[in-house]
Structures are given as C-alpha cells and as structure tokens.
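Student: Provide a 3D model corresponding to the input given below.
(chains A and B)
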Amino acid sequence: MDIIILMIVGVKNMWIFIGFSVVGVLISFIFTLFLINFDSKYKVVLESIIGFGGSGCSLVGLCNFYNVESQTSKFIATIGYGIGFLGATIIFLFILCKLIKDKDDEDILRVRDILLGQKSYIEKYYETRKKEIDSKLNIPELEKREEKIAILEMKLNERENYIELEEEQLNNSLDERLTLELPEKKKILITKALLNAMPSYVEGIFRCINEINLSTNEFINSIDDKNEFSLVNFKSYLISIITYIFNDIFRTNASDIRIHFRYYNKEKAGYDKLIASTGKNVFSKQMTIIPYNEDSLIKKSYECKRALIKSINIKHDYKTNNYTSWKDYMTYTFYNLKIDDIPYLSFGISVKNSERYKMEFYFMNYFMFEDCLRENIESLNEHVNLKQVIYGGLKNEDI
Amino acid sequence: MRISKVNAFNLIAVALEANDEQAASKLLQIISKYINKSKNAVLIASYIEINDKKDINVIRQISNAYGKDLLQNEEI
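Tutor: Numbers count the residues shown, from 1 in each chain, chains lettered A, B, ... in the order given. Model prediction:
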C-alpha cells in the first residue's frame, strides 16, 4: 500500500499525508470526547464550529509552516486530515461505547444514540447504578427501619407530651395537697404511711441530734483536758456521729447502709474517703473519688447549702463505679469549711435499698438534719483547726 | 466496766489507724450495742456501762494492744 502511495504521490506527499492524518486523529479524539458528553445542542454546534474552524486554521497554518505550497500537496494534506479525522472518530466512538456501556445490558448504548444525542442510556445507566448502590446499602431495609423509627419517634413525642402534661397536672394537684418540699425544689406528697411514720422518725432524729450535740461537747472538753487533737481524734469524733445516726435514725446496723465522711484530696482534685462505716463494720474498702470539677451532688449541695438526695436530684448524680450497689444516697457539703475556696468536708449516707430507707432520707432532709451536723462540726472547728487536722496534722500551738 | 464515750470512740479510731479493721469493727459493734441499750434512759450519759465479761475482755485486749493510755482513767 505504502509503495503504491509512494509511487503516486512521492515521498514528500506521503509525509504530508501521514502528518495531517495524525493531526486529524488528535482533533477527532477531542471532538469525540466533546460529542460523547451530550452537552446541550447549542454547545455541540458551537464546539463543532470551533472544532472545524480550528481544524481548518491549523490545516492552513501547518501547510504554511511546512511550506506545503503546491495544490496537489494541499489536496493530499486535506485528504489525509479528513481520513484521519473520520476514521479516528468512528474508531473512538466504538471504543468509548464499549468502555462506557453497561456490562449487564448489551443494548444499552449505541453509536446512534451518541450521534443523535439520545440521553436515555445515561438515564438508564444512572438508574442501574442507583439500583446497584441501593442493593449494596440495603436501602429498602433502611427505609423500613426509618419508617419504624419515625413511628417510634412520633410515639415518644406523644408520650413526652403526655408526661409533661401529667407532670403539670401533678404539680398543680400537689400545690393543693400537703407536701414535703425538699431540696432542690422537689415536692414529696405526704401520704398516710408517711404521716403515720413521722412520730417515730422525728423522735429518732431529735435523739440523734441530742447525742451528737453531747458528743461534740465531750470531744471539745477532751481537747481542753489533754490539749491535743489529731486526725485520729477527729476520725473518732466522726465515728461517734456515724454510730448515733445508725442507732437513732436507721435503728439498725445492717450492712446495706454506709455512712461516710469525705475530705477534699488536693492531689487527686476530688473527694476521697475520710471515714466510713456500714453499721457493724468500719468500711475498709476504698471509695470512688468524686472529682471536684465534675457535676455531682457534693458540688450542688455546696451551691444550694442543703443536703441533697440522689433519687430526687438525679441529674446531678455522679456515677461512681459501684452505683449499681448503692442505689440512693444523701450528700451534704460543709460549705463553711473551705480550703483554697473549695469545701473540704462532705457527709454522705448511701443505701442499697432505696425504697426501704427513702422515708429516713425524706425526714432527715426535711428536718434539715444536715444543719445539726454543720453546727456541731463548725463548733468543733472553732476549738481546733480542722483544716490543719486533715491536711497537716495539728500541733499543740494550733489548738 | 464504765468507759467514756470519747475514749471508746478514740479506741476505735486508734485501732483503725493501726490498720486493725477487725478490732475496730468489733469495738464499734460493742459500743453500738451498749449505746442502744441505754436509749431508754431519760438523760443521755457521757459514758457506756459495759456488763458483759466477754465484751470487757475484748475491750481490754484491744486497749492493751493499741491504747493503754486511753483507758487508764477508766473504771475497769
């Protein structure tokens, strides 16, 4: 073939033919890419005009550049360019059709579609892809789940509205009934059982207060006598308080109650065990440290200056490691005893059976039992520097 | 045996300080028992009257081990 062309047109014209065919192929490649994009009609027209115009200009430019002056050579160049362009366009179209057509659907893409600008194949392609992605993500299942969640959400919203309404009604009715108002802003309805139990609890609480008052005086007197007061003495004083609470208020030494005092541990930046007892035994285990910076009833009690019961102030509960064992507790922070502006002593009663001891908690809280503790500890603090007793050990001259 | 409540509680704390939790707990139970017994008294006493010999022995043992000086003025 080459020899025939060589004979007809000569060597120079053969190079012209090859060179312009290559240009045609390049232009055709760009043209095919534009064509297959399925842009709007006006864009295709515009691209075609620019493409053909550009091709014509480049043809003329190249002819001038390579000194193709004779009419025969120009004719060969145009023919070469045309053959290269048309041939390559057909080949590229077929290749691209093959590349982009769907593997599962042989008829999905035809050259005719591209030439006539039919976009249906793209839409079909998108649909197939969508189905494929949907099946991978299990969309129908997700949609079902979403429906279920939406229904549940609707039900929950309804329930929330209902509870809010009930709460409002309950508060309204509580306003009209007798209630114990406990910190923080909680109303406990006085039931017949609560009313019947009141005398015995009142008696126990007042006896306990008397015994604690007496114990404080005895400890203060013992300081005057011996002129020394150490952390051991302070702990023994706290044990006496714990014992009176067990005997007079809870009237049991069952191990399902733990009464404790915590102190602020500077190193751990939280409240650590100072002394604890479970009635029969001195509580020897370590207790979870309550961080000072976290929201807890110790912190809240310091802010509101009242003892707080967990079950009615649940949002300020700091969940310790054993929160499942100790179901409810009451906490009080001695707000006047501070070190570096942080209260350093707290008192707490934890119970394993919240139902069994809730009345004790309610009455202690209502009668402000914590005030008795505060007064007694502050009274002791007037005679000994408790801050030094706890943090530095007390020397004789500090008393 | 008559023992002041302050000394009794001090003895518990001393035993506890010596890490003898068992002794501290025993003492706590005895003291608690006698405080409970005296509940019906009109006046709250500043001392505990311990009658049971077994309890007295326990207190003596713990006192001898940890707090001899604590109970030196008590009527044992």
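
Student: A:Asn336: what secondary structure?
Tutor: coil (DSSP: H, G, I helix; E, B strand; the rest coil).

Student: What is the burial count for it?
Tutor: A:Asn336 has 12 neighbours, counted by other CB atoms under 10 Å in any protein chain shown. All C-beta atoms are positioned from the backbone trio N, CA, C, and that covers glycine.

Student: Closest approach to chain B from chain A, which residue is it?
Tutor: A:Ser236 (3.5 Å; CB to the nearest CB).

Student: who touches that residue in this structure?
Tutor: When contacts are counted by CB atoms under 8 Å, 6 or more residues apart in numbering or on different chains, A:Ser236 is found next to B:6, B:9-14.

Student: Scan the chain for its longest helix.
Tutor: Picked chain A for this. For chain A, the longest helix by residue count, based on DSSP state H, is helix A:139-176.

Student: that answer is for a different chain, and I need it for chain B
Tutor: Under DSSP H, chain B gives helix B:21-37 as its longest helix.

Student: What about chain A: which of the contacts of A:Ser236 touch it?
Tutor: Filtering the contacts of A:Ser236 for proximity to chain A by CB under 8 Å from any CB of the partner chain leaves B:6, B:9-14.

Student: for B:Ile3, helix, strand, or coil?
Tutor: Under three-state DSSP, B:Ile3 falls in the strand class.

Student: hang on, isn't it packed against B:Asn51?
Tutor: No - with contact defined as CB atoms under 8 Å, B:Ile3 does not count as touching B:Asn51 (11.9 Å).

Student: who wins for neighbours among the contacts of A:Ser236?
Tutor: Neighbour max across the contacts of A:Ser236 (other CB under 10 Å) = B:Ile12, 30 neighbours.

Student: Tell me how many other residues surround A:Thr216.
Tutor: A:Thr216 has 22 neighbours, counted by other CB under 10 Å.

Student: follow-up on the earlier one: let me know the helix or strand that the residue of chain A closest to chain B is in.
Tutor: Using DSSP states H and E, A:Ser236 maps to helix A:231-244.

Student: For the next helix or strand after that helix, which outside residues touch it?
Tutor: Using DSSP H and E, the helix or strand that follows helix A:231-244 in sequence is strand A:257-265. Strand A:257-265 is touched from outside by A:238, A:242, A:245-246, A:250, A:270-279, A:283, A:287, A:289-290, A:292, A:298, A:326, A:339, A:342-352, A:357, A:390, with contacts defined as CB under 8 Å, 6+ apart.

Student: Would you list the buried entries among those?
Tutor: Buried subset of those (neighbour count, 16 or more other CB atoms under 10 Å in any protein chain shown): A:238, A:242, A:245-246, A:250, A:270-279, A:283, A:287, A:289-290, A:292, A:298, A:326, A:343-352, A:357, A:390.

Student: Mind checking which of these land in helices?
Tutor: Per DSSP H, these map to helices at A:238, A:242, A:298, A:357, A:390.

Student: In JSON lines: these, plus pLDDT and distance to A:Ser200.
Tutor: Formatted as JSON lines, these follow (pLDDT from 0 to 100; distance: CB to CB, whole Å):
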{"residue": "A:Leu238", "pLDDT": "95", "distance to A:Ser200": "26"}
{"residue": "A:Ile242", "pLDDT": "94", "distance to A:Ser200": "21"}
{"residue": "A:Ile298", "pLDDT": "92", "distance to A:Ser200": "30"}
{"residue": "A:Tyr357", "pLDDT": "87", "distance to A:Ser200": "14"}
{"residue": "A:Ile390", "pLDDT": "91", "distance to A:Ser200": "36"}
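
Student: Strands of the stretch 201-350 of chain A, start to end?
Tutor: A:257-265, A:270-277, A:290-291, A:308-309, A:328-333, A:338-339, A:342-343, A:345-351 (DSSP state E, counting those that start in this stretch).

Student: Out of those strands, flag the one nearest A:Ile76.
Tutor: strand A:290-291 (90.8 Å; CB to CB).

Student: counting contacts, what elements does whichever helix or strand A:Met198 is part of pack onto?
Tutor: Assigned by DSSP H and E, A:Met198 falls within helix A:192-226. The contact analysis (3 or more CB pairs under 8 Å, 6 or more residues apart in numbering or on different chains; DSSP states H and E) places helix A:192-226 against helix A:231-244, helix A:354-366, helix A:369-383, helix B:5-17.

Student: picking up where we left off before, ok, B:Ile3 and B:Asn51, which is more surrounded?
Tutor: B:Ile3 (24 against 9).

Student: Low-confidence regions, the chain specifically.
Tutor: No chain specified, so I'll use chain A. Applying pLDDT under 70 to chain A flags residues A:1-10, A:37-41, A:43-44, A:100-122, A:174-175, A:224-227, A:323, A:393-399.

Student: To clarify, I was referring to chain B.
Tutor: In chain B, residues with pLDDT under 70: B:42, B:68-76.

Student: Run through the residues of chain B sitting next to chain A.
Tutor: Going by CB under 8 Å from any CB, the residues of chain B near chain A are B:4-6, B:9-14, B:16-17, B:21, B:24-25, B:28-29, B:31-32, B:35-36, B:39, B:44, B:46.

Student: ok so, going back, what subset of the contacts of strand A:257-265 is also close to chain B?
Tutor: A:246, A:275, A:277, A:279.

Student: For the last one, list the residues it contacts.
Tutor: So that's A:Gly279. A:246, A:250, A:252-255, A:257, B:32.

Student: 6 Å - rerun?
Tutor: A:Gly279 makes contact with A:246, A:253-254, according to CB atoms under 6 Å, 6 or more residues apart in numbering or on different chains.

Student: can I get the CA coordinates of the helix holding A:Ser236 in CSV?
Tutor: Extracted C-alpha coordinates of helix A:231-244, given in CSV (Å, rounded to 0.1, in the frame of the first residue of the first chain):
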residue,chain,number,x,y,z
LEU,A,231,-6.7,13.3,112.8
VAL,A,232,-7.3,10.1,114.8
ASN,A,233,-9.3,12.1,117.3
PHE,A,234,-11.2,13.7,114.5
LYS,A,235,-12.0,10.4,113.0
SER,A,236,-13.2,9.0,116.3
TYR,A,237,-15.5,12.0,116.6
LEU,A,238,-16.9,11.3,113.1
ILE,A,239,-17.3,7.6,114.0
SER,A,240,-19.4,8.7,117.0
ILE,A,241,-21.6,10.7,114.7
ILE,A,242,-22.0,7.8,112.4
THR,A,243,-22.8,5.4,115.2
TYR,A,244,-25.5,7.8,116.6
